[in-house]
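Enquirer: only geometry, no sequence info:
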Ligand code: EPU
């Protein structure tokens, strides 16, 4: 297994290009199943999760081929309805084939995704939404077995859970509703840019959708959809990770090819903490010279502060003089990185779903274990500013969601390598 090895202490300088958004690409690849025809998806990042989605499309009987950032998907006529445990267990986002399969085939058997290290992650909202459209759902032998006797039928669906809206549940129900009879109204739909990107792709396929990006999405079902070509939006979480990397090292970095309108919550917090951020001609320059100031952040559904940047922000707070607080309102247990950061000399205390971070002068490099994708990114950022050598183990988490991270950080001047254990 590989590990990432970092010698901390270098200020990052230069330019970095952002890749396409993983969390946009995954449901959009699933949406391709809604038509028999070929779709072409551009700007797809080369990541392990994308490779898993391609394997899943193959398992369902679709043709899918990745080359130079572009995926061609041809589902054809004879799709199979079963998404096997082997694939779903390695990637929860596989659950987003449920809606498309059900809408196109009238049946789907998708392995029930279990919990994961960031929390219990239920799928009740996905099931509630599909049931409202007329699906008969059962859980048998670890699989969700969904059947629709006739064409799904549009209805009003309220998709609010204890933690607010759900990105993939909104996607699943929206995809299923595109081929349903009549109109569906999804209330409390997720407003994330990835949902908007999915709606735009579906519209290119011929779907009738309005209101994406708001908490009320309306879908007028159509009889069939065609194949389409679509370019994935830039990854706002990858972008945010590089913004924090520049800030934590006291560097000066220009971010190319991002969508600044998608990460205002982070820009707001970084500015409050003393980081200078300038948006100009489609690029974003981030630099820091002076001391950092403590800030508090609460993770919330979009446009609030994203949970997927919580660990990275915590690394920054760990070296910010004073006390900062992070409250996690999406995944109350997403704090496994805390003990690893503390191994590096951070002083972070957990109190319910809040982390109280007492900034220290200096972190010290150490071997640490990555527990999930974003936690890994937080540890890498801590390693960039720590004194001495940090080894981040279980790098496969990082490879699920960051395209060539060590190469991009090296180009910015970081001393970072991938080594075999
Ligand atoms: N929830 C329910 N019931 C459901 C679904 C979700 O209660 O049926 C709860 C969750 O437990 C959580 C909240 O709703 O408390 C939000 O979860 P959501 O459904 O929005 O998460 P998701 O759609 O499964 C996507 C991203 C995650 C990201 C979350 C929140 C993809 C593939 N995944 O997951 O990304 O953290 O939205 O923004 O889009 C990552 O990239 O590292 C990652 C985990």
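Expert: Yep, it's here. Please read these numbers as outputs of a predicted model, since none were measured by experiment.
Enquirer: neighbours around residue 242, how many?
Expert: Residues near residue 242, counting by other Cβ atoms under 10 Å, number 28. C-beta: built from backbone N, CA, C; applies to glycine.
Enquirer: for it, what are its contacts?
Expert: By Cβ atoms under 8 Å, 6 or more residues apart in numbering, residue 242 lies in contact with 16, 18, 253, 255, 408, 412.
Enquirer: List just the nearest of those residues to the ligand.
Expert: residue 18 (14.8 Å; Cβ to the nearest ligand atom).
Enquirer: Run a quick neighbour tally on the closest one.
Expert: When neighbours are defined as other Cβ under 10 Å, residue 18 has 25 of them.
Enquirer: Ramachandran angles for it?
Expert: Phi and psi for residue 18, reported as degrees, to the nearest 10, are phi -90, psi 140.
Enquirer: contacting residues for it?
Expert: By Cβ under 8 Å, 6+ apart, the contact set of residue 18 is 234, 235, 238, 239, 242, 255, 256, 257, 258.
Enquirer: Next step: these restricted to strands.
Expert: Applying DSSP state E to those, the entries found in strands are 255, 256.
Enquirer: Which one of the contacts of residue 18 sits in the busiest neighbourhood?
Expert: Neighbour-wise, these (other Cβ under 10 Å) top out at residue 235, 30 neighbours.
Enquirer: what about that one, distance to the ligand?
Expert: Relative to the ligand, residue 235 is positioned 9 Å away (Cβ to the nearest ligand atom, to the nearest Å).
Enquirer: Could you single out the nearest of the contacts of residue 18 to residue 303?
Expert: residue 239 (14.8 Å; Cβ to Cβ).
Enquirer: wouldn't the closest one be in contact with residue 263 here?
Expert: Yes. If you go by Cβ atoms under 8 Å, residue 239 and residue 263 touch, sitting 5.9 Å apart.
Enquirer: Next, count neighbours for residue 138.
Expert: Neighbour tally, residue 138, other Cβ under 10 Å: 9.
Enquirer: list the contacts for it?
Expert: So residue 138 contacts 144, 145 (Cβ under 8 Å, 6+ apart).
Enquirer: tell me the pLDDT at it?
Expert: In this model, residue 138 is scored at 95, pLDDT.
Enquirer: Find the closest residue to the ligand in the stretch 301-421 of the chain.
Expert: For the stretch 301-421 of the chain, the residue closest to the ligand is residue 373, as judged by Cβ to the nearest ligand atom, at 4.2 Å.
Enquirer: For the spatially closest residue to that residue that is not a sequence neighbour, list the residues it contacts.
Expert: Nearest residue to residue 373, sequence neighbours excluded (Cβ to Cβ, 6 or more residues apart in numbering): residue 401, at 4.4 Å. Remark: with contacts taken as Cβ under 8 Å, 6+ apart, residue 401 is in contact with 22, 47, 49, 237, 238, 373, 374, 377.
Enquirer: near the ligand, which residues of the stretch 151-300 of the chain show up?
Expert: 161, 162, 163, 166, 167, 168, 169, 190, 194 (Cβ under 6 Å from any ligand atom).
Enquirer: Could you pick out the buried ones from those residues?
Expert: Among these, those classed as buried by 16 or more other Cβ atoms under 10 Å are 163, 166, 167, 168, 169, 190, 194.
Enquirer: now the residues you listed in TSV, with pLDDT?
Expert: TSV is the format used below for these (pLDDT from 0 to 100):
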residue	pLDDT
163	93
166	97
167	98
168	97
169	98
190	98
194	98
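Enquirer: name the element residue 390 belongs to?
Expert: Assigned by DSSP states H and E, residue 390 belongs to strand 389-393.
Enquirer: Buried residues of the very next helix or strand once past that strand, list them for me.
Expert: The element immediately downstream of strand 389-393 (helix or strand, assigned by DSSP H and E) is helix 396-401. Residues of helix 396-401 classed as buried by neighbour count (16+ other Cβ under 10 Å): 397, 398, 399, 400, 401.
Enquirer: and the closest residue to residue 210 other than its chain neighbours, what element?
Expert: In this structure, residue 210 finds its nearest non-sequential neighbour in residue 218, 4.8 Å apart by Cβ to Cβ, 6+ apart. Assigned by DSSP H and E, residue 218 belongs to strand 216-220.
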